[in-house]
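*Asks:* Just the structure for this:
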Amino acid sequence: MPDHRASRPRPSSAEAGRCRAALASPALRFLVAFLLLVLGGIGAVAAAHVALDRRGLLPPPPLTATWCIDEKFAFLREQPLASYNLFAIGSSATWRNLDMPLLERHLPGTRAINAAPCYLHIDQTAYMAEFLLRHMPQVETVLSIVAPRDFEACPASQRAFFDLQLADAYLAGEVPSWLPYVTGFRPVYLAREAVEQENVPPGPDVMAEDGRGSSIMRKPHFWRPEPVFDPACYEGLTALEEAVAARGARLVIATLPVMPEWGERFDPDGTIIEGWMQDMRAALRRPETLLVDGRQLGWDDERFADPVHLLYPYHRSFTDFIAEAMAGQAGS
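*Replies:* Coordinates of the predicted model:
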């Protein structure tokens with residue numbers, strides 16, 4: 001058999017020299033160095049994520065780059081969302097003040113989950129509720145606990161606080177959980193949150209979990225927010241009601257009891273809270289919507305962590321109060 005290799009033309013010494021010159025050119029050296037730098041950077045970033053994860057300090061996938069919101073998205077990703085017929089949504093006033101299993105016991109046939117994260121204003125609550133309703137087709141009731149702080153600022157530019165397409169795919173499990181770390185890479189955020197989480201004291205003495213998304217405070221907090229109201233927020237409340245009604249569900253809004261210390265400082269004659277309640281009633285227009293007035297509970301300061309959060313276990317009495325109002329509406 002003839003040796004075809006022998007018939008191949010060998011490169012001339014001139015061609016070989018040109019190849020060596022190309023390999024030694026500054027442009028090629030720069031390209032190789034750049035590729036190595038990029039690959040090394042990717043490797044370093046991946047290693048940092050792995051290291052934080054092993055130490056339990058890696059924040060949840062950053063859909064919003066706010067820990068308590070991203071943590072709730074991660075929680076919801078693991079839930080059978082299509083099986084729930086009631087969900088709670090709102091700021092930490094909703095997240096930290098409900099006992100969902102207790103609500104289920106009061107309302108037979110209810111399967112409930114607390115989908116509320118933190119920091120949301122009422123227009124953002126409407127945005128997230130409308131998003132979740134697409135993933136929860138059996139929902140009959142949407143519950144939100146509100147405080148004056150939920151109505152303090154509702155600029156239109158901040159309403160859409162997460163990307164709908166990415167969140168849709170993330171909740172549905174259509175993208176890997178690590179994808180938001182890539183699309184929303186924020187090294188400063190990761191470092192800051194890792195440091196903060198390392199300083200959080202562990203154990204059940206800080207929060208009480210109900211297994212359905214609620215996280216109840218066990219210790220008092222110094223926070224005393226001054227009441228500030230943005231008229232645009234009432235449009236957000238109307239938008240929340242409309243989004244719920246469009247899915248054939250009913251909306252329940254419950255206000256927290258007034259912390260006496262806060263009331264004496266900012267609203268000694270009760271006119272601020274009364275005006276807020278009247279503005280909410282005017283913004284809620286559908287007959288099936290229920291507004292539960294927490295002022296009926298004349299509680300003392302010892303039941304409050306701060307004006308927006310109850311202390312464990314008083315959230316249970318508050319849940320009883322809301323459930324009784326809901327059952328009364330259903331029976332009327």
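*Asks:* contacting residues for the residue nearest to Ala167 when sequence neighbours are not counted?
*Replies:* For Ala167, ignoring the flanking residues on the chain, the nearest one in space by Cβ to Cβ, 6 or more residues apart in numbering is Leu63 at 5.8 Å. Yep, even glycine has a C-beta here, placed from its N, CA and C like the rest. By Cβ atoms under 8 Å, 6 or more residues apart in numbering, the contact list for Leu63 reads Ile69, Asp70, Phe73, Phe162, Asp163, Leu166, Ala167, Tyr170, Pro180, Gly184.
*Asks:* and the gap between Leu63 and Thr183?
*Replies:* 9 Å (Cβ to Cβ, to the nearest Å).
*Asks:* what do you get for Tyr170?
*Replies:* Note on Tyr170: its distance to Thr183, by Cβ to Cβ, is 10 Å.
*Asks:* next one: Gly328
*Replies:* 47 Å.
*Asks:* what bridges to Val142?
*Replies:* Phe87, Leu251 (DSSP bridges).
*Asks:* close enough to count as contact, it and Ala254?
*Replies:* No: with contact defined as Cβ atoms under 8 Å, Val142 does not reach Ala254; the gap is 11.8 Å.
*Asks:* Nearest residue to the middle of this protein?
*Replies:* Nearest to the geometric centre of the chain sits Ile69, at 2.6 Å (Cα atoms, centre = their mean).
*Asks:* List the contacts of that residue.
*Replies:* In this structure, Ile69 makes contact with Leu63, Pro117, Cys118, Tyr119, Leu120, Phe161, Phe162, judged by Cβ under 8 Å, 6+ apart.
*Asks:* cool, and Arg316?
*Replies:* Contacts of Arg316 (Cβ under 8 Å, 6+ apart): Asp99, Leu102.
*Asks:* same question, Val142
*Replies:* For Val142, the contacting residues are Leu86, Phe87, Ala88, Ile89, Ala129, Leu133, Leu240, Val244, Ala249, Arg250, Leu251, Val252, by Cβ under 8 Å, 6+ apart.
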